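# how would this look folded up:
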Amino acid sequence: MKMSITRLVKPLALAAVTAATVALVGCSGPAEQASTPAPVPASSASQSAETSPTAAASASPEASSSPSASASSAAEGNDALLTAAALAAEEISDGTVVSIEAERDGWEVHVVTADGGEQQLRTNAAGTQVIAGPTDDRPDADDKADNKEFAGVDVDYSEAVEAIEKEIAGGQINELSLDIENRRAVWEADVSTGSEQRSVQIDAANGDVVSNRIDD
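Next up, the predicted model:
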């Protein structure tokens, strides 16, 4: 009778241990799986980097130089040219401005009179103050003849600047001067526009554009 009970107890104990082990494994499996983060697909990580705010900001057109900034700079330069020319005209009474040229530290302006005389002065970069001159250029006979013709032109420097700005939007005028071309007086201008240097001629009798070409 004792041997029968012993043989019955051992199988029951083994079955109980096996059932407990199965239950423990079944409970711990989902918890371990839940604690392990799922891998992020490589394509998703790449898309996130491409659409991140930092990447978008670096690719923004505002990060580069704006065309409007260049146009504003050119307009300020042309305003300084006009201011320098007006100041020279005030300093040399009854004169006609025939040349305005940008220098390293300002503007050099030439003014002629009806008798063919010619004087020059220099202004600061803003064109608001005379820093040298006026001084006599002592023109020779040929220069005096040209100066007399220049003194009677119908289109003055300010009208020439206006015509050039209409012809080349955003162009900065570095030099503007009267010259004789094919027996007529023309305003010649050296104009910077982007990476180009252009040469423009304006008829000093009517303000028409005579030529507009890339300066070699």
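# how about low-confidence regions in this structure?
1-72, 75 (pLDDT under 70).
# In it, what residue spans correspond to strands?
For the chain, applying DSSP state E gives strands covering 95-103, 106-113, 118-123, 130-136, 172-181, 184-193, 196-203, 209-214.
# buried sites along the fifth one?
Think strand 172-181. 172-178 (16 or more other C-beta atoms under 10 Å). For glycine as for every other residue, the C-beta is placed from the backbone atoms N, C-alpha and C.
# for the second one, same thing?
For strand 106-113, the neighbour count (16+ other C-beta under 10 Å) marks 106-113 as buried.
# Name the nearest of those relative to K144.
Within the buried residues of strand 106-113, proximity to K144 (C-beta to C-beta) peaks at V112, which comes in at 8.8 Å.
# That closest one touches N147, doesn't it?
Yes - here V112 reaches N147: they are 4.0 Å apart, a contact under C-beta atoms under 8 Å.
# Common neighbours of those two, please.
98, 118 (C-beta atoms under 8 Å, 6 or more residues apart in numbering).
# Buried deepest among the strands of the chain, which one?
strand 106-113 (a mean of 23; mean count of other C-beta atoms under 10 Å).
# dump the residue contacts of the residue lying closest to D94 once chain neighbours are set aside.
Counting by C-beta to C-beta, 6 or more residues apart in numbering, D94 lies nearest to T113, which is 6.2 Å off, once chain neighbours are set aside. The neighbours of T113, taking C-beta under 8 Å, 6+ apart as the test, are 92, 94-96, 119, 147, 151.
# Is it possible to get TSV of the strands of the chain that adds distance to L87?
Converted to TSV, the strands of the chain look like this (distance: least, C-beta to C-beta, whole Å):
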stretch	distance to L87
strand 95-103	10
strand 106-113	8
strand 118-123	6
strand 130-136	7
strand 172-181	15
strand 184-193	19
strand 196-203	22
strand 209-214	27
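# And those strands: which comes nearest A80?
Nearest of these (C-beta to C-beta): strand 106-113, 7.1 Å.
# What about the closest residue to A114 other than its chain neighbours, how many residues nearby?
Spatial nearest neighbour of A114, excluding adjacent residues (C-beta to C-beta, 6+ apart): A151 at 4.9 Å. Look at A151: counted by other C-beta atoms under 10 Å, it has 20 neighbours.
# so E91 makes contact with P134?
Yes - the pair E91 / P134 is scored as a contact, 5.9 Å apart, by C-beta under 8 Å.
# joint contacts of the two?
111, 121.
# Report how far apart the opening and closing residues of stretch 178-185 are.
Its first and final residues considered, stretch 178-185 spans 7 Å by C-alpha to C-alpha, to the nearest Å.
# and if you look at stretch 123-143?
24 Å.
# Show me what that stretch is in contact with.
Taking C-beta under 8 Å, 6+ apart as the rule, stretch 123-143 contacts 80-88, 91-92, 105-107, 109-111, 116-122, 147.
# try 6 Å
For stretch 123-143, the external contacting residues (C-beta atoms under 6 Å, 6 or more residues apart in numbering) are 80, 83-84, 87, 91-92, 106-107, 118-122.
# Compile these into a markdown table and extend it with columns for distance to V209.
Formatted as a markdown table, those follow (distance: C-beta to C-beta, whole Å):
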| residue | distance to V209 |
| --- | --- |
| A80 | 23 |
| T83 | 24 |
| A84 | 24 |
| L87 | 27 |
| E91 | 31 |
| I92 | 29 |
| G106 | 28 |
| W107 | 24 |
| E118 | 27 |
| Q119 | 30 |
| Q120 | 28 |
| L121 | 29 |
| R122 | 30 |
